[in-house]
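Asks: turn this into a structure:
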Amino acid sequence: MAIGRRAPLPGLIHHTDRGSQYASHAYQGLLKEHGMTCSMSGKGECLDNAVAERFFGSLKREWTSHRYYDTRQEARDDIIEYIAMFYNSNRKHSYLGYVSPNEYEEFDLVA
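Replies: From the prediction side, this is the model:
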């Protein structure tokens, strides 16, 4: 999980769909342990989580649709590389005013 790599500040809101893995006591405890607040989409409301839905669409379209993996670990490593080396650092996001998430985070820290 990104908590170990990012060390988010207390009060961060973690928004998900209503998947059972996110509602589990173990997952909720992990969020609480790191001072994070859980937010979940309304039942049947895909637009509540539009940013995450858009991410998975981009991941499939830009990265995984033309790749084949021999193992889960190979797929995991490749997707982490996509997120760290392209999606967060280079890819411009209309939702963030056409800057990368890393650039947006820097603006937020300076402001």
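Asks: domain assignment for this structure?
Replies: Taking automatic domain parsing as the reference, the chain has its domains at 1-40, 47-111.
Asks: export those domains as CSV, with columns for mean pLDDT and mean neighbour count.
Replies: Every C-beta, even on glycine, is put in place using the N, C-alpha and C of the backbone. Below are the domains of the chain laid out as CSV (pLDDT from 0 to 100; neighbours: other Cβ atoms under 10 Å):
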stretch, mean pLDDT, mean neighbour count
domain 1-40, 85, 12
domain 47-111, 86, 12
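Asks: the most centrally placed residue in the chain: which element?
Replies: Closest to where the C-alpha atoms of the chain average out (Cα atoms, centre = their mean) is A52, at 6.7 Å. Assigned by DSSP states H and E, A52 belongs to helix 50-59.
Asks: with E74 instead?
Replies: According to DSSP H and E, E74 maps onto helix 72-82.
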